[in-house]
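A.B. asks: let's see this in three dimensions:
(one chain, ligands or ions: 1)
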Amino acid sequence: MLKLRNIQTFYGNIQALKNIDMDVKEGEIITLIGANGAGKSTTLMTLCGIVPPASGTIEFQGRDITGLPPDKIAALGISQVPEGRRIFPYLTVTENLDMGTFLRKDKTQIKQDLNHVFELFPILAERRNQQGGTLSGGEQQMLAISRAIMSKPKLLLLDEPSLGLAPIIVKQIFDIIRKVNKEDGVTIFLVEQNANLALKVADRGYVMETGTITMTDTGANLLADEAVKKAYLGM
Ligand code: ATP
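C.D. replies: Okay, the predicted model is just below:
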């Protein structure tokens with residue numbers, strides 16, 4: 001579904017990504033793990049066109065999307081939930097969710113999808129008329145994910161969904177990520193510092209160190225790997 005080949009991305013003189021190759025198959029959950037500053041967020045921003053690569057190619061569903069602007073990439077079905085959620089604090093929950101649908105024209109289906117996200121996250125249904133900024137951190141993360149789901153993505157990019165949240169909320173969010181993947185058929189690209197959790201939910205994982213992919217394997221194999229355990233699982 002997605003192919004990254006030889007991707008190099010820079011911020012001025014700083015090279016954040018060095019010859020990155022990655023593949024995502026349709027229907028998978030893949031995770032990208034790594035320490036602070038390894039280049040995980042940059043990979044997502046490169047993928048969705050916010051920080052275009054200096055060289056290399058990105059192919060999505062057989063089409064070369066390298067260098068396309070973010071709105072064109074979004075229109076092809078790639079939706080990102082950025083780190084730190086970035087919901088609209090002065091809009092209500094429902095208005096925030098409407099913002100996710102601005103590229104869509106299928107009004108009746110949008111209504112059904114709204115009911116669907118309210119089923120996934122009943123707390124959002126309860127708070128549908130409340131301003132986004134008044135929600136708890138966990139609820140804002142649920143809202144950010146729901147807004148992305150409302151855009152009907154084929155590929156959902158999630159940047160650190162567990163960041164700063166209590167373990168019980170993180171579990172709820174990861175259960176939903178799994179559900180959206182299995183039941184709605186959305187392919188998931190998950191960036192996480194919580195490697196333990198991410199590798200448990202992922203079919204496959206990539207390990208990134210200072211802008212380079214150093215390992216790739218199934219989630220289960222990476223979880224059992226001694227080097228991964230030592231560096232990322234605190235064992
Ligand atoms: P974190 O988990 O802390 O978000 P990360 O793995 O997502 O880390 P990136 O945010 O992608 O890492 O950063 C990769 C490298 O690029 C780092 O060295 C970082 O300092 C640098 N970098 C990131 N954003 C910028 C920017 N806007 N300008 C200059 N350098 C940047």
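A.B. asks: make it CA atoms for all contacts and neighbour counts henceforth
C.D. replies: OK.
A.B. asks: quick one, what contacts the most centrally placed residue in the chain?
C.D. replies: Taking C-alpha atoms, centre = their mean as the criterion, residue 158 is the residue nearest the geometric centre of the chain, at 1.6 Å. For residue 158, the contacting residues are 80, 81, 82, 83, 188, 189, 190, 191, taking C-alpha atoms under 8 Å, 6 or more residues apart in numbering as the criterion.
A.B. asks: cutoff 10 Å now
C.D. replies: The contact partners of residue 158, taken as C-alpha atoms under 10 Å, 6 or more residues apart in numbering, are 31, 41, 44, 79-83, 85, 144-145, 148, 177, 188-192.
A.B. asks: out of those, who's near the ligand?
C.D. replies: Cross-checking the contacts of residue 158 against the ligand (C-alpha under 6 Å from any ligand atom) gives residue 41 as the overlapping residues.
A.B. asks: surely residue 139 and residue 128 touch.
C.D. replies: No: applying C-alpha atoms under 10 Å as the test, residue 139 and residue 128 come out as separate, 11.3 Å apart.
A.B. asks: quick check: neighbours shared by those two?
C.D. replies: Here residue 139 and residue 128 have residue 93 as joint contacts, going by C-alpha under 10 Å, 6+ apart.
A.B. asks: more neighbours: those two, which one.
C.D. replies: Neighbours were tallied for residue 139 and for residue 128 using other C-alpha atoms under 10 Å; the higher tally belongs to residue 139 (21 against 17).
A.B. asks: quick one: average confidence on the helix or strand that one falls within?
C.D. replies: Assessed by DSSP states H and E, residue 139 sits inside helix 137-149. Along helix 137-149, the predicted local confidence has a mean pLDDT of 93.
A.B. asks: and it, what does it pack onto?
C.D. replies: For helix 137-149, the contact count by 3 or more C-alpha pairs under 10 Å, 6 or more residues apart in numbering; DSSP states H and E identifies strand 78-81, helix 93-99, helix 107-120, helix 122-126, strand 155-159, helix 167-182 as packing neighbours.
A.B. asks: continuing past the last one, what's the next helix or strand?
C.D. replies: The reference is to helix 167-182. If you walk from helix 167-182 toward the C-terminus, the next helix or strand you reach (DSSP H and E) is strand 187-192.
A.B. asks: what pairs with that following strand, parallel or antiparallel?
C.D. replies: Strand 187-192 has these partner strands in its sheet, going by DSSP bridges: strand 29-34 (parallel), strand 155-159 (parallel).
A.B. asks: adding mean pLDDT, write these out as CSV.
C.D. replies: As requested, those are exported to CSV (pLDDT from 0 to 100):
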stretch, mean pLDDT
strand 29-34, 96
strand 155-159, 96
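A.B. asks: what's the closest of those to residue 210?
C.D. replies: Relative to residue 210, the nearest member of the strands paired with strand 187-192 by C-alpha to C-alpha is strand 29-34, separated by 8.7 Å.
A.B. asks: can I get the closest one in CSV? Just the C-alpha atoms.
C.D. replies: As requested, C-alpha coordinates have been extracted for strand 29-34 and formatted as CSV (Å, rounded to 0.1, in the frame of the first residue of the first chain):
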residue,chain,number,x,y,z
ILE,A,29,-0.8,-2.2,11.8
ILE,A,30,2.8,-1.2,11.6
THR,A,31,4.7,0.7,14.3
LEU,A,32,7.8,2.9,14.2
ILE,A,33,9.6,3.0,17.5
GLY,A,34,12.7,4.8,18.6
